[in-house]
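>>> Sequence and predicted model, in that order:
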Amino acid sequence: MAYWSLHPLPLLGLLSLLLLLLLPCHSSSVAGAASPSIRLGVIRKPSPAVPVFREAPAFRNADACDRANRIHVAMTLDSNYLRGTMAAVLSILQHSMCPENFEFHFLWARFEPEVFSSIRSTFPYLRFKVYRFDSSRVRGKISKSIRQALDQPLNYARIYLADMIPIDVKRVIYLDSDLVMVDDIAKLWGVSLDGKVLAAPEYCHANFTKYFTDLFWADPVMSKTFQGRKPCYFNTGVMVVDVDKWRQGRYTEKVEAWMGVQKQKRIYHLGSLPPFLLVLGGNIKAVDHRWNQHGLGGDNLEGKCRALHPGPISLLHWSGKGKPWLRLDSRRPCSVDHLWAPYDLYPSSMHAIEE
């Protein structure tokens, strides 16, 4: 079980943490070393460094919902992307017939009580747990990529998801923070994995070879990695994962092994995605493209505007350099950014007045 340490916290943080630990709470928790869940119950006023968000409406289940049918959603938690996370959670709840059936699992690299309090105050009825991702697990394994954001340890936390969430969670949907749901996620939750460890939209029209260097394809051993498979690109920002199969198949170790190769030889350029492709490319359950309308943030270098792909849409994903909240704040948004704006809980107009 992951844990968080008290030592790096300043005195004020320690006092705040002690207050947090004193009162019980039934809707949220932090995973700790001594106990699987430490209940926190005080909502503290966020510090100026953490945005203050409007409180979301209380979404309730329809009469036909069975509360026993839990849907588990995992996301990383970073103060730099908190605005995106809030919008993503709101969109999931708003479009769900059974919003009270969700349990969110947030992974963070460091304990930030202000971020925790911000989630609690924005979504008072949300059932969630927070787990510390130990960044030392990837220290020495990360290779520099084409964009600095891709090199952050938290970007690799999805590899270790099965090690952090409770053993009784058998399936989880992993989502990035730069997306919004415009359909009921229960439809994605219910897809059959057909014995595969992972389900995601596949994009077989993409040039798969470009995700790896010439050195990789020239190597007589590595170039045979995909032998017997028909690999296609898939985006790791939207995945349905059979957590039991992931553990049993030791997929964390398999992905880590390729990260080790990358440290010795430059075989790819894009952060945590390529080792996923090396291990699972051509061996996942493909789901409809509607579940990841990705690339709305443009490429990884310039983040230029992109139009929507044709076809039905259930999920909009601003993968790439450009993020909708930053482009909207700069007053130079792309047209697709206006599709994200209705889910933004940050009172930007109030912020503009204050400045």
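Cool, got the structure. Residues are numbered from 1 along each chain as shown.

>>> What ranges does the stretch 51-200 of the chain have for its strands?
Per DSSP state E, counting those that start in this stretch, the stretch 51-200 of the chain carries strands over the ranges 71-76, 102-108, 128-132, 171-175, 179-181, 198-203.

>>> so can I have JSON lines of the ones you listed showing mean neighbour count, distance to Ala58 and mean pLDDT?
Where C-beta positions appear, they are placed from N, C-alpha and C, glycine not excepted. Compiled in JSON lines, those are given as follows (neighbours: other CB atoms under 10 Å; distance: least, CB to CB, whole Å; pLDDT from 0 to 100):
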{"stretch": "strand 71-76", "mean neighbour count": "22", "distance to Ala58": "18", "mean pLDDT": "98"}
{"stretch": "strand 102-108", "mean neighbour count": "22", "distance to Ala58": "13", "mean pLDDT": "97"}
{"stretch": "strand 128-132", "mean neighbour count": "23", "distance to Ala58": "15", "mean pLDDT": "95"}
{"stretch": "strand 171-175", "mean neighbour count": "22", "distance to Ala58": "22", "mean pLDDT": "98"}
{"stretch": "strand 179-181", "mean neighbour count": "26", "distance to Ala58": "18", "mean pLDDT": "98"}
{"stretch": "strand 198-203", "mean neighbour count": "22", "distance to Ala58": "31", "mean pLDDT": "97"}
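
>>> show me where the stretch 251-355 of the chain has helices.
251-264, 273-280, 324-329, 348-354 (DSSP state H, counting those that start in this stretch).

>>> Out of the ones you listed, indicate the one that is most buried.
Ranked by mean neighbour count under mean count of other CB atoms under 10 Å, these are led by helix 273-280, which reaches a mean of 23.

>>> for it, packing partners?
strand 233-234, helix 251-264 (3 or more CB pairs under 8 Å, 6 or more residues apart in numbering; DSSP states H and E).

>>> which stretch among the strands of the stretch 51-200 of the chain comes nearest Asp299?
Asp299 lies closest to strand 198-203 among those, at 15.1 Å (CB to CB).

>>> Kindly state the beta-bridge partners for Lys129.
Ser29, His105 (DSSP bridges).

>>> In this model Val73 seems to touch Asn101, though I could be wrong.
No: using CB atoms under 8 Å as the test, Asn101 is too far from Val73 to be in contact (10.6 Å).

>>> Skipping its backbone neighbours, what lies nearest Ala206 in space?
Tyr233 (4.2 Å; CB to CB, 6 or more residues apart in numbering).

>>> low-scoring stretches of the stretch 101-250 of the chain, by residue?
Scanning the stretch 101-250 of the chain with the threshold set as pLDDT under 70 gives 143-151.

>>> Which stretches in it count as helices?
113-122, 161-164, 186-189, 214-218, 243-248.

>>> Sounds good, over and out.
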